[in-house]
Structures are given as structure tokens and as C-alpha cells.
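>>> Provided below are the primary sequence and the corresponding predicted coordinates.
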Amino acid sequence: DAKTTQPPSMDCAEGRAANLPCNHSTISGNEYVYWYRQIHSQGPQYIIHGLKNNETNEMASLIITEDRKSSTLILPHATLRDTAVYYCIALNAGNNRKLIWGLGTSLAVNP
Amino acid sequence: GAVVSQHPSRVICKSGTSVKIECRSLDFQATTMFWYRQFPKQSLMLMATSNEGSKATYEQGVEKDKFLINHASLTLSTLTVTSAHPEDSSFYICSARLAGQETQYFGPGTRLLVL
């Protein structure tokens, strides 16, 4: 499974867009890019995932570079409730379909 | 949709006793469920993968006789921590995956404190 690299922490002003980067330079063709977040003392929450194309849902947008070596999660209008640890994970869609968790990015949304 | 619940949300027990944690998929059938453990300021660590009707597959270093997993139905998996010790105190989280899909949906977690 491809290893992902994320900055340990980021700050964002409330109401502004939060852009969270992730590097996955060794990602293979059948690995999806998944994003989860974990608010303090809660279970992880699924945000979005993609393979090649950019994706958007009610929570966020996922921008994947053409070479698939990096991606950016965009929270368009961050709120205080978006303060959490955000995890970018490359998931192998084959037999070994495990989520391997790194340390993620701790996002602090400030008023 | 895709809601996963866990019970209890927190439990305190004495050393040497056993504790059972339930994980339920409320609005979907989950052929596969996962159990994770998370220590303070650390990331999630996969303990085992559980497929309905078959034995769980444990990750390296996880004692199968200590952490008993049962996945008897498509909506329920249980984790029993047997002969709990203080070092088993942790945040236990389950997830469930719909058949044919890749996305895992997580429960709210169970905080276990062994005295």
C-alpha cells in the first residue's frame, strides 16, 4: 500500500476555505485516495474518496493531480466544527483492502 | 445512511474481568467489520478483520485468545476483551463495510478503562 505524507498541523480562519494537502507519490493504479477525519474522542468520519477524477460531495471536494502523486482536500467554508485530525489514506482495492492510518493533519479552525 | 453504533460508549472494569463491546450496522448489511484500537495521541491500529460467519483474521501481534471476535450476523460484531489488564485500557473503534464496496463506516468508539 502506498504511503501518504501530510503536514502535521494547519490553521484556518472560520469561513475561509481549508486546503489540506497529501502526497502519495508511490500510489498504484488500483489504489483509491480516501479522506477521513476524527474529531476529538470520536470515531473517524468518512469524508470523500476518489481514484482519478476530482470529486465533490456535500462535505468537501477532492482534487487529485493528473499523475495521481498528490491530492488536496478542500473544505470550502470551514467552521469551528471542522476542527479535527484529517487522514489521507491510499486504499488498495484488491485483496488487501485495509486502511493504514498515519498521523494525519491536525486542522484548527479559528474564530 | 451507513450508520454504525457501538455499545457501551465507555466502560470501567476491574483487572482480570472480561468486557464485551458490540458493534452494529444500523441501516445496512456489513459482510465485513473491522476492529481498531487507539492509544492517546496515536493513530488507529487495526486489530482484526471480521467476516460474517467465519473466523476473524487478526493482525500480527494481536492475541486472538485475548481479543475474541464474533460476527454472527450481517449487522452485529462483538469484541470481548478477556482477562483485561490496565494496559488494555484504550479507545476501541469498529467499522463496517458494505458488501461489494470499499468504504468503511466507523462507530463512535468505546473507551475502556481497566483498573
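Thanks, I have it.
>>> Show me what from chain A comes close to chain B.
Residues of chain A that fall close to chain B, judged by C-beta under 8 Å from any C-beta of the partner chain: A:32, A:34, A:36, A:41-46, A:49, A:87, A:91, A:93, A:97-104. For every residue, glycine as well, the C-beta is placed using N, CA and C.
>>> Angles on the backbone of A:Glu31, please.
phi -100, psi 130 (degrees, to the nearest 10).
>>> Setting the sequence-adjacent residues aside, check what's closest to it.
What sits nearest to A:Glu31 in space, not counting adjacent residues and going by C-beta to C-beta, 6 or more residues apart in numbering or on different chains, is A:Ala90, at 4.5 Å.
>>> Mind listing the residues bridging to the one you found?
A:Val33 (DSSP bridges).
>>> quick one: least confident helix or strand in chain A?
When the helices and strands of chain A are scored by mean pLDDT, DSSP states H and E, strand A:84-92 comes last with a mean of 93.
>>> Show me the shaky parts of chain A.
Low-confidence segments of chain A (pLDDT under 70): A:1, A:93-96.
>>> Mind doing that once more with 80?
Judged by pLDDT under 80, chain A has its weakly predicted residues at A:1-2, A:92-97.
>>> In it, mark out all the strands, start to finish.
A:9-13, A:18-23, A:31-38, A:45-50, A:55-56, A:61-64, A:70-75, A:84-92, A:105-110 (DSSP state E).
>>> now for these, which one comes closest to B:Thr17?
For the strands of chain A, proximity to B:Thr17 was assessed by C-beta to C-beta; strand A:31-38 is nearest, at 28.8 Å.
>>> that older thread, adding mean neighbour count as columns, could you present the strands of chain A in CSV?
Compiled in CSV, these are given as follows (neighbours: other C-beta atoms under 10 Å in any protein chain shown):
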stretch, mean neighbour count
strand A:9-13, 14
strand A:18-23, 20
strand A:31-38, 22
strand A:45-50, 18
strand A:55-56, 15
strand A:61-64, 19
strand A:70-75, 20
strand A:84-92, 22
strand A:105-110, 17
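>>> Can I get those in a markdown table including distance to B:Glu102?
Listed next are these as a markdown table, based on distance: least, C-beta to C-beta, whole Å:
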| stretch | distance to B:Glu102 |
| --- | --- |
| strand A:9-13 | 27 |
| strand A:18-23 | 18 |
| strand A:31-38 | 6 |
| strand A:45-50 | 8 |
| strand A:55-56 | 14 |
| strand A:61-64 | 15 |
| strand A:70-75 | 16 |
| strand A:84-92 | 6 |
| strand A:105-110 | 22 |
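>>> So which of the ones you listed is nearest B:Leu112?
Across the strands of chain A, closest to B:Leu112 is strand A:31-38 (C-beta to C-beta), at 17.7 Å.
>>> Just the CA coordinates for that closest one, please, in PDB.
Written as PDB, here are the backbone C-alpha positions of strand A:31-38 (Å, rounded to 0.1, in the frame of the first residue of the first chain):
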ATOM      1  CA  GLU A  31      -5.400   2.400  -5.100                       C
ATOM      2  CA  TYR A  32      -8.100   4.900  -4.100                       C
ATOM      3  CA  VAL A  33      -7.400   8.100  -2.200                       C
ATOM      4  CA  TYR A  34      -9.600   8.200   0.900                       C
ATOM      5  CA  TRP A  35     -10.100  11.000   3.300                       C
ATOM      6  CA  TYR A  36     -11.400  10.600   6.800                       C
ATOM      7  CA  ARG A  37     -11.500  12.900   9.800                       C
ATOM      8  CA  GLN A  38     -11.500  12.300  13.500                       C
END
